[in-house]
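In: Return a 3D structure for these sequence lines:
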Amino acid sequence: MAGYFSGYRRVILSLVLLLPILAMLTLATPVLAAPVIVISPISGAIGTNITVNGNNFDSYIGDYVTITFGASEVSGSPLLIPDSGDFSLEFTVPETAASGQQWISIYSTAQPVHLLAQHSFVIEKPLAVIDVSQGPVGTEVNFTGQGFYSNRIIDFYYYNVSAEKLGDTIASATGLFNFNFTVPHSISGSHRVVAHNDRGNEIETAFTVIPEIVMNTTVAGPGNLVTLAGTGFGYRTDVNIILGVRPITTVRTSDKGDFEVVFNIPDVLPKTYDMKAEDVYKNQAKIRFTVAATIGLSPTSGAIGSEVTITGDGFTPGKGITTTFDGTVVLSAVADIFGEFTATFDVPPSISGTHQITVTDGTYTEDFIFFVEAESPLPPILLLPSNQTDTRSRTYFDWQDVTDPSGPVVYRLQIADDQNFSSIILNITEIPDSEYTLTEAQALSAVPPDLPYYWRVRAKDSAGNQSEWSSPWSFILNTPMMPGLLLPDTDTKVEAPAYFDWQDVSSLNPPVTYNLQIGTDLGFSSAVLERIGLTVSEYILTREDKLPKTQPDTPYYWRIKAIDNAQNEGEWSTPGLFYYQSGFTFPSWAIYTLIGIAAILVGYLAYWLGRRVASKPPDQK
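Out: From the prediction side, this is the model:
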């Protein structure tokens with residue numbers, strides 16, 4: 001017994017000594033993380049490509065592991081764990097796999113077999129939905145779904161009388177799809193919409209077609225022709241068209257439930273009604289339609305000033321109707337007791353082309369397009385000044401009148417110093433008459449015959465249509481002629497007050513004035529007297545002129561120059577020569593006159609004395 005306890009103590013003592021050593025060895029050994037797998041994606045359809053990434057398989061480096069999807073081993077399994085302890089594997093969801101949750105599992109191959117890691121994957125069931133489940137033909141629908149074989153073509157069908165293919169798309173990598181379509185023409189009621197691929201995936205939903213009608217206008221007057229079209233009605237059935245409670249016409253639908261009919265609005269009171277279409281199966285649709293007053297416009301084109309007639313019917317009796325032309329009021333009228341009116345207006349001045357005529361009573365408005373003619377006027381024919389003639393500086397221009405339907409016509413006159421009119425001297429626009437006289441500010445300067453002026457005219461009507469330019473004509477402006485000197489005679493003595501006389505000068509630009517110069521040399525470099533702006537062709541020196549007396553060898557020279565109203569200056573006359581006596585002396589003609597008078601007086605006195613002597617008695621002689 002003692003030996004037993006002695007042995008037991010030895011064992012206990014050994015354990016006491018060994019446990020600390022084992023504890024130290026245990027703490028020194030690293031703890032390995034558990035293996036894990038990550039998959040992508042985590043859900044999808046048959047055919048989806050799955051990537052499996054394994055991590056922390058360090059304990060199995062150099063060993064093979066088995067990878068399964070559900071109960072089946074995947075392609076690439078068994079897999080050798082590399083030195084890194086991590087791996088990656090791709091495989092495709094098999095066609096035999098059932099929808100719902102499946103497990104991707106990693107098993108060891110050494111006996112006994114252990115599950116090392118696991119992750120779930122969801123195989124989605126085929127499922128579809130549309131965002132709009134009912135509406136008329138032409139509705140835009142979005143069709144989405146899942147669970148279709150990945151990356152495969154999906155065909156879409158719409159069932160009316162028979163299947164009609166809408167189009168196709170390709171499923172995504174996980175079996176999703178998104179398809180947009182427009183509801184085709186089809187009869188009223190529910191219609192299957194089916195998605196199908198070549199792997200047997202098929203899903204359907206339904207769209208309900210409801211009837212709809214549309215019109216080319218929602219406002220028209222009695223007698224107006226309108227068009228009404230309908231979709232989504234019954235298969236090859238009669239449809240009654242009703243305005244309010246008044247039947248209008250009947251039309252038959254096609255095998256897709258469509259129809260179109262044209263009819264005249266009946267003669268009913270102007271107001272808003274229900275326009276209804278109803279077939280024998282009670283499929284119906286309606287819209288609001290307004291029967292309004294009717295308006296007529298005649299003509300719809302013409303010239304400025306032409307007469308346009310507006311007629312109306314169906315208006316409220318006594319109500320005012322306004323007509324505008326491009327927004328400007330041109331006519332006001334009042335409906336008579338029958339709601340009718342007729343009125344006219346003249347097309348106002350406006351440019352050629354289209355214009356808007358609006359007729360309204362404040363409630364009902366109708367617009368018309370009116371076309372103003374675009375034909376250009378004829379080019380003017382020039383009259384005065386005649387081609388290649390002289391004229392005055394304030395030139396008078398005349399041309400033939402131009403007539404045009406879009407009158408009145410205005411003109412544009414151009415004057416240039418070259419035949420091509422590249423250098424325009426005057427550009428006068430908006431001339432109302434077929435003639436024009438240049439103003440004083442526009443007066444032209446004189447030009448030599450080899451450098452004439454050129455002129456032309458074009459016409460423009462009230463619609464803005466312009467004619468071609470007339471053929472250009474030329475004219476010139478001559479300077480006044482050189483005056484001829486009359487008095488004093490050349491090389492004669494002139495006594496105060498000196499009198500100068502010269503020939504009158506005429507001009508196309510009257511009045512003409514004269515400049516007088518008196519100098520001591522022929523070049524008139526030092527003029528001793530100058531008078532400008534003389535209005536008559538003569539001049540008498542005044543006391544203020546104070547012309548000094550000349551010597552026999554120092555004569556005076558004088559000359560005259562004419563200037564017209566356009567300030568065109570003529571040439572100086574040939575100078576005249578004279579001598580001037582400034583003191584007061586009788587002129588020779590005056591002396592001879594006084595001698596003659598004295599002789600007459602002496603003769604008369606001798607005659608008178610002789611008579612006195614002859615009449616005395618002899619005794620007194």
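In: separation between Asp326 and Leu601?
Out: 99 Å (C-beta to C-beta, to the nearest Å). In short, each C-beta sits where N, CA and C put it, glycine included.
In: These two - which one has more neighbours?
Out: Asp326 (14 against 10; other C-beta atoms under 10 Å).
In: what about the more buried one, distance to Val536?
Out: According to C-beta to C-beta, Asp326 stands 62 Å off from Val536.
In: Do I have it right that Gln414 meets Ile424?
Out: Yes - assessed by C-beta atoms under 8 Å, Gln414 is found in contact with Ile424 at 5.8 Å.
In: Who has more neighbours out of these two?
Out: Comparing Gln414 with Ile424 by neighbour count (other C-beta under 10 Å), the higher total belongs to Gln414, at 19 against 11.
In: how close does the more buried one get to Ser470?
Out: From Gln414 over to Ser470 the distance is 10 Å, taken as C-beta to C-beta.
In: shared neighbours, the two?
Out: 456-457 (C-beta atoms under 8 Å, 6 or more residues apart in numbering).
In: Each with direction, which strands does the helix or strand where Gly167 lies pair with?
Out: Following DSSP states H and E, one finds Gly167 within strand 163-170. Strand pairing for strand 163-170, using DSSP bridges, gives strand 153-159 (antiparallel).
In: Can you give me the buried ones in the strand it pairs with?
Out: Neighbour counts over strand 153-159 (16 or more other C-beta atoms under 10 Å) mark 154-159 as buried.
In: Now stretch 432-441: buried residues?
Out: For stretch 432-441, the neighbour count (16+ other C-beta under 10 Å) marks 434, 436, 438 as buried.
In: Quick check: closest non-adjacent residue to the last one.
Out: It stands for Leu438. When the adjacent residues along the chain are set aside, Leu438 lies closest to Arg394, with 4.7 Å between them (C-beta to C-beta, 6 or more residues apart in numbering).
In: One more: the first one?
Out: Using C-beta to C-beta, 6+ apart and skipping the chain neighbours, the partner closest in space to Ser434 is Asp401 (4.7 Å).
In: roughly how far apart are the one you found and Ser526?
Out: 59 Å.
In: okay, these two: which has more neighbours?
Out: Asp401 (12 against 8).
In: Could you look up the SS state of that one?
Out: The local conformation at Asp401, judged by DSSP: H, G, I helix; E, B strand; the rest coil, is coil.
In: I figured it hits Ile431, correct?
Out: No - Asp401 is beyond contact range of Ile431, at 12.0 Å (criterion: C-beta under 8 Å).
In: mind giving me the domain split of this structure?
Out: What automatic domain parsing lists as the domains of the chain is 1-31, 36-123, 127-209, 212-291, 294-372, 382-476, 485-585.
In: got JSON lines for these, with distance to Leu605 too?
Out: Converted to JSON lines, the domains of the chain look like this (distance: least, C-beta to C-beta, whole Å):
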{"stretch": "domain 1-31", "distance to Leu605": "184"}
{"stretch": "domain 36-123", "distance to Leu605": "165"}
{"stretch": "domain 127-209", "distance to Leu605": "143"}
{"stretch": "domain 212-291", "distance to Leu605": "124"}
{"stretch": "domain 294-372", "distance to Leu605": "95"}
{"stretch": "domain 382-476", "distance to Leu605": "64"}
{"stretch": "domain 485-585", "distance to Leu605": "28"}
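In: Is it possible to get JSON lines of the ones you listed that adds mean pLDDT and distance to Ile597?
Out: Shown next, in JSON lines, are the domains of the chain (pLDDT from 0 to 100; distance: least, C-beta to C-beta, whole Å):
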{"stretch": "domain 1-31", "mean pLDDT": "49", "distance to Ile597": "171"}
{"stretch": "domain 36-123", "mean pLDDT": "91", "distance to Ile597": "152"}
{"stretch": "domain 127-209", "mean pLDDT": "93", "distance to Ile597": "131"}
{"stretch": "domain 212-291", "mean pLDDT": "93", "distance to Ile597": "113"}
{"stretch": "domain 294-372", "mean pLDDT": "89", "distance to Ile597": "83"}
{"stretch": "domain 382-476", "mean pLDDT": "91", "distance to Ile597": "52"}
{"stretch": "domain 485-585", "mean pLDDT": "85", "distance to Ile597": "18"}
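In: what about those, which gets the closest to Tyr607?
Out: domain 485-585 (32.9 Å; C-beta to C-beta).
In: before we move on, back to that, how far away is the residue nearest to Ser434 from Pro408?
Out: 10 Å.
In: looking at it, Asp361 is touching Pro317, isn't it?
Out: No - using C-beta under 8 Å as the test, Asp361 is too far from Pro317 to be in contact (11.3 Å).
In: neighbour-wise, which of the two wins?
Out: Asp361 (21 against 11).
In: OK, contacts around that one?
Out: Asp361 touches 293, 315-316, 319-322, 335, counting by C-beta under 8 Å, 6+ apart.
In: how close does it get to Thr342?
Out: Taking C-beta to C-beta, one finds Asp361 at 15 Å from Thr342.
In: what's the closest non-adjacent residue to Gly54?
Out: Phe87 (4.6 Å).
In: Now do that neighbour against Val536, distance only.
Out: On the measure of C-beta to C-beta, Phe87 and Val536 end up 131 Å apart.
In: Check Arg199 too.
Out: From Arg199 to Val536 the distance is 124 Å (C-beta to C-beta).
In: what do you get for Glu124?
Out: Note on Glu124: its distance to Val536, by C-beta to C-beta, is 122 Å.
In: Between these two, which is the more surrounded one?
Out: Between Glu124 and Val536, counted using other C-beta under 10 Å, Glu124 has the larger neighbour count: 19 against 10.
In: and Val261, what does it touch?
Out: The neighbourhood of Val261, defined by C-beta under 8 Å, 6+ apart, consists of 227-229, 241, 249, 251.
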